[in-house]
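> Dropping the sequence and predicted coords here.
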Amino acid sequence: MSVLIVSGTGTEIGKTVVTSAVAAAAVAAGLTVAVLKPAQTGVGPEEPGDAAEVVRLAGPTVTALELARYPEPLAPDTAARRAGLATLSPAQIAQAAERLALDHDLVLVEGAGGLLVRFDEAGHSLADAARLLGAPVLVVAPAGLGTLNSAALTAEALRARDLTQLGVVIGSWPAEPDLASRCNLADLPKVSGAPLLGAIPEGSGTLPPHRFRTEAPTWLSPTLSGTWSPQTLQPT
């Protein structure tokens, strides 16, 4: 697994923090890591984007690459069209990931929003880049009520495209989980047909970077270079 696609069941659910945690755990395990953000939306020219945030949290040894930036917080295709800028094709994304993979043990490709968000006028999405790369997809999902449907739909979309879902990571595990969140620990793997590979505590992105790097492996399973087990959060 030299390239891993990080997608989500929606937006604002913790993809960047999950990507940062996966990167930090991999670095702690002795791997060289790169993060690729194909399309950054809603960020000004001089503002740090998601790739820079991964480096801030996971450490300066992580290589960051952003392919396109669009000012409005919209789907990449819409944001590009409104800004009069060029869109990205799946081939461009795949080629950039392949170049990074030549010099890194792990390349994390962080999408924008959900799996099928449009990147170009033809309706191509991150799923098309994943297919070109033959790369597995890590799905980030919220913890609480409503997540099972979106997780099931994402898994169905992956299967329809013959893509491999590596697993699910909960992007923000609440300090005081409600009943739905606790039950979803068992139900998310059932509806997605993929294992639960981690749960990132809410607010982790605000931790000092050195603490984030130290704790990140404890939030992720051994599949992602961590030590976490879902048994530690089983519902009662």
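It's in.
> Do you have the strands of the chain handy? List them.
3-8, 33-41, 63-70, 106-114, 137-141, 165-173, 196-201 (DSSP state E).
> Tell me where this structure is predicted with low confidence.
Counting by pLDDT under 70, the chain has low-confidence residues at 1, 234-236.
> again, only this time at 50
Scanning the chain for pLDDT under 50 picks out the ranges 236.
> Can I get the strands of the chain in JSON lines including mean neighbour count?
Backbone N, C-alpha and C define where each C-beta goes, glycine included. Listed next are those as JSON lines, based on neighbours: other C-beta atoms under 10 Å:
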{"stretch": "strand 3-8", "mean neighbour count": "25"}
{"stretch": "strand 33-41", "mean neighbour count": "25"}
{"stretch": "strand 63-70", "mean neighbour count": "19"}
{"stretch": "strand 106-114", "mean neighbour count": "26"}
{"stretch": "strand 137-141", "mean neighbour count": "27"}
{"stretch": "strand 165-173", "mean neighbour count": "24"}
{"stretch": "strand 196-201", "mean neighbour count": "24"}
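> Please identify which of the ones you listed is closest to residue 151.
strand 137-141 (5.0 Å; C-beta to C-beta).
> that older thread, now distance to residue 231 too, for the strands of the chain, in TSV please.
Formatted as TSV, these follow (distance: least, C-beta to C-beta, whole Å):
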stretch	distance to residue 231
strand 3-8	24
strand 33-41	28
strand 63-70	34
strand 106-114	26
strand 137-141	19
strand 165-173	14
strand 196-201	10
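> Of those, which is nearest residue 76?
Nearest to residue 76 among the strands of the chain is strand 33-41 (3.8 Å), distances taken as C-beta to C-beta.
> Indicate each strand paired with that closest one and its parallel or antiparallel sense.
strand 63-70 (parallel), strand 106-114 (parallel) (DSSP bridges).
> The last one versus strand 3-8: what angle between them?
An angle of 20 degrees separates the directions of strand 106-114 and strand 3-8 when computed by axes from the mean of the first three to the mean of the last three C-alpha atoms, to 10 degrees.
> and strand 106-114 with strand 137-141, angle?
Using the same axes, to 10 degrees: strand 106-114 against strand 137-141 is 50 degrees.
> One more: the first one?
Orientation of strand 63-70 against strand 137-141 (the same axes, to 10 degrees) gives an angle of 70 degrees.
> before we move on, back to that, please identify which of the strands of the chain is closest to residue 225.
That would be strand 106-114 among the strands of the chain, by C-beta to C-beta, at 8.8 Å.
> if we can go back for a sec, rebuild the strands paired with strand 33-41 as CSV, extending it with distance to residue 17.
CSV is the format used below for the strands paired with strand 33-41 (distance: least, C-beta to C-beta, whole Å):
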stretch, distance to residue 17
strand 63-70, 15
strand 106-114, 11
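> closest one to residue 9 among the ones you listed?
Closest among those, using C-beta to C-beta: strand 106-114, at 6.1 Å.
> Which residue ranges of the chain form helices?
Applying DSSP state H to the chain gives helices spanning 15-28, 50-58, 76-83, 90-101, 126-133, 147-160, 179-192, 209-215.
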